[in-house]
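In: sharing a sequence plus its predicted fold:
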Amino acid sequence: MPIIHHQSIEPQGNWAIWEIREAESWFRAHLQLFDVEEAMIGEMNSQRRLEWLAARQLLHEVLGDQDRTPCLKDTNGKPYLEDRAIHLSMSHSHDLASVILAPVPVGIDVQYRVAKLQRIASKFVTDKEVDVYPGKPDLDFLHILWSAKECIYKAYGKRGLDFREHLHVYLDERVQEIGTCEGFLIKGDFEARYNIHYEWFEPGYVLVYALMA
């Protein structure tokens, strides 16, 4: 099985990455999809469907159960496991799929390094977040900021968040191969702090996850 990374996290969680080498037919043969899941992927294009199937296969592997549990989505589009009191998040980008499971709200994001983030940085980065960076923030710095906010958004699981107004990430200018930082969600009366972990993978992928503290 092409699980290229699987790691435990505190408290009592774990995350994993799957390198997608298989064809859709392979996943179809190994996954027993429920009717509701078949309906979810009915109108997806072939690449999106392949990534979706890979993420569900990885989730099944990480859970370690003989039989699959349906992976459903709530009214806000947040995935959850039927009849299980556990939080989960999934992400996919190009040929990687990722999954995280934890007893607290959690979000995960895997991104391929692309130049366009520099063009749209003003839409998700605040002045305070880039004050720590001497000069113009580089692409690695921006990718971690973007993915960290995406993870907080997924952990929160509700629509209506503005990435500049409601989400705040405090990242040190010295971006490492593996590192941590803090993030905050402040919207109205709701406030939450998140512990954020990031890790770079070759060639050019960054994986980020956020756990509610």
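Out: Cool, got the structure. As the structure is a prediction and not an experimental result, all values here were calculated from the model.
In: what residues go with each domain of this structure?
Out: Domain assignment for the chain, taken from automatic domain parsing, gives 3-103, 109-212.
In: including mean neighbour count, could those domains go into JSON lines?
Out: Yep, even glycine has a C-beta here, placed from its N, CA and C like the rest. Output for the domains of the chain, formatted as JSON lines (neighbours: other CB atoms under 10 Å):
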{"stretch": "domain 3-103", "mean neighbour count": "16"}
{"stretch": "domain 109-212", "mean neighbour count": "17"}
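In: dump those to TSV, plus mean pLDDT.
Out: Formatted as TSV, the domains of the chain follow (pLDDT from 0 to 100):
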stretch	mean pLDDT
domain 3-103	91
domain 109-212	92
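In: and for the lengthiest strand in the chain, what are the contacting residues?
Out: Counting residues, the longest strand in the chain under DSSP state E turns out to be strand 190-201. Defining contact as CB atoms under 8 Å, 6 or more residues apart in numbering, one finds that strand 190-201 is touched by 5, 9, 17, 96, 105, 140, 144, 147-148, 151-152, 155-156, 169, 177-185, 206-213.
In: before we move on, what about stretch 67-85?
Out: Contacts of stretch 67-85 (CB under 8 Å, 6+ apart): 31-32, 34, 36-37, 40, 56, 59-60, 63, 87-90, 103, 154, 157-159.
In: go with 7 Å
Out: Applying CB atoms under 7 Å, 6 or more residues apart in numbering, the contact partners of stretch 67-85 are 31-32, 34, 36-37, 56, 59-60, 63, 88, 90, 157-159.
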